[in-house]
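> I would like to see how this sequence folds:
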Amino acid sequence: MKALQVQRLSDDLSGVELVKMPRPKRATSEVLVSVKAASLNYPDLLMTRGAYQFKPEPPFVSGMELAGEVIEADADAVFQVGDRVTGGAKTGGFAEIASVPVTSLRAIPEGVSYAQAAAMGAAYSTAYTALVELGGLKAGQTVLVHGASGGVGLAACDLARALGATVIAATHREDKLEPLGAASRANHTILNSGRFRERVSDLTDGRLCDLVFDPVGGDVFDESTRCVTFGGKLLVVGFVAGRIPEIAVNIPLIKGFSVVGVRAGEYARRFPERGAAIRDAVDALLTEGRLMPHIDRTLPLDQWREAFDAMEAGEIIGKIVLEP
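I've put the predicted structure just below:
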């Protein structure tokens, strides 16, 4: 089969190559999936460098999220040959065939394409875990979403709007403001460079935000501590800016807000019933037509470098989907 393999770690993707290799051997409790679509996530890029918290030893097949059709399964497995499924593991998705634990898969809702299913998984689960499960989002609240043009940020915008929140989508690039407004369905778009607290204050008549969704970190986190209303929550999702920020605890004390760490995958592993409920809730919203995942572009797997380069350069809005 054809697969995208990280043969050695490198900072410039020189250790990544599209190769021909034997199809994977399925372990008990796994199914073989003919991959129809796989979405690119920022951790996929980081893993090519050994810069992600999960560090597989090369060689390994890249790709965390996929959607496809089951082609081999145990006789008593939940999913059987011909079933349309989505999910994945930490590696293995960027290939024509993947062997995936049954417990890491779910059925694709009726009417949802393979590309949409692949683009939704981790992004929307993370957004729901952060905003609803841990953030307690309610209709009528105001949510500030940083990194809003990325897959996770855009999912957070989409979900918050679907649940009746006022959404402020933030990006550091002026050229993204207009397309981001259309893609995110946000009520407002702002630049989150410099002292953006005043922009947030103007948009909220001084009330500020009930929830701040921050996958960026660095200076954005520092300024976000000034954007949370009393009793609000600052949701720490990641640090794509590179710098892991620090906070003096007198700031949340005086301002009366909470800083909440979000590890959606770990949350689902520790509380599997809640993880299943989160996935069901997202699927229900999708089936009802209340969510509208945005795919920046769909590329064949042999154009993987274009996809990785676009993510590295921050040129995308939403998700890139690769098709083997």
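
> From now on I want contacts and neighbour counts done on CA atoms only, so please keep to that.
Fine.

> tally of neighbours for residue 116?
22 (other CA atoms under 10 Å).

> Give the burial count for residue 266, as a bare number.
Residue 266: 11 neighbours (other CA under 10 Å).

> all numbers from here: first residue = 592
Sure thing, new numbering starts at 592, so read that last one as residue 857.

> Secondary structure of it: a helix, I assume?
Yes - the assignment for residue 857 is a helix, going by DSSP: H, G, I helix; E, B strand; the rest coil.

> How far off centre is stretch 619-626?
Computed by CA atoms, centre = their mean, to the nearest Å, the chain-centroid distance of stretch 619-626 equals 23 Å.

> brain fart, stretch 805-814
With CA atoms, centre = their mean, you get 17 Å for stretch 805-814.

> Can you list the buried residues in that stretch?
805, 806, 807, 808, 809, 810, 811, 812, 814 (16 or more other CA atoms under 10 Å).

> Make JSON lines out of those and add secondary structure and pLDDT.
Below are the buried residues of stretch 805-814 laid out as JSON lines (DSSP: H, G, I helix; E, B strand; the rest coil; pLDDT from 0 to 100):
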{"residue": "805", "secondary structure": "strand", "pLDDT": "98"}
{"residue": "806", "secondary structure": "coil", "pLDDT": "95"}
{"residue": "807", "secondary structure": "coil", "pLDDT": "95"}
{"residue": "808", "secondary structure": "coil", "pLDDT": "96"}
{"residue": "809", "secondary structure": "helix", "pLDDT": "96"}
{"residue": "810", "secondary structure": "helix", "pLDDT": "96"}
{"residue": "811", "secondary structure": "helix", "pLDDT": "97"}
{"residue": "812", "secondary structure": "helix", "pLDDT": "97"}
{"residue": "814", "secondary structure": "helix", "pLDDT": "97"}
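
> And the residues you listed, which is closest to residue 705?
residue 806 (26.2 Å; CA to CA).

> from memory the closest one sits against residue 745, does it?
No - the criterion here is CA atoms under 8 Å, and residue 806 misses it with residue 745 at 11.2 Å.

> what do the two both touch?
residue 738 (CA atoms under 8 Å, 6 or more residues apart in numbering).

> Strands along the stretch 592-741 of the chain, start to end?
Secondary structure of the stretch 592-741 of the chain (DSSP state E, counting those that start in this stretch): strands at 593-597, 607-611, 621-630, 651-652, 656-663, 675-678, 688-692, 696-698, 733-736.

> There's contact between residue 798 and residue 792 in this structure, I believe.
Yes - between residue 798 and residue 792 a contact is recorded at 6.6 Å, counting by CA under 8 Å.

> Mind putting the buried residues of stretch 805-814 into a markdown table with distance to residue 769?
Putting these into a markdown table (distance: CA to CA, whole Å) gives the following:
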| residue | distance to residue 769 |
| --- | --- |
| 805 | 21 |
| 806 | 21 |
| 807 | 20 |
| 808 | 23 |
| 809 | 25 |
| 810 | 23 |
| 811 | 21 |
| 812 | 24 |
| 814 | 23 |
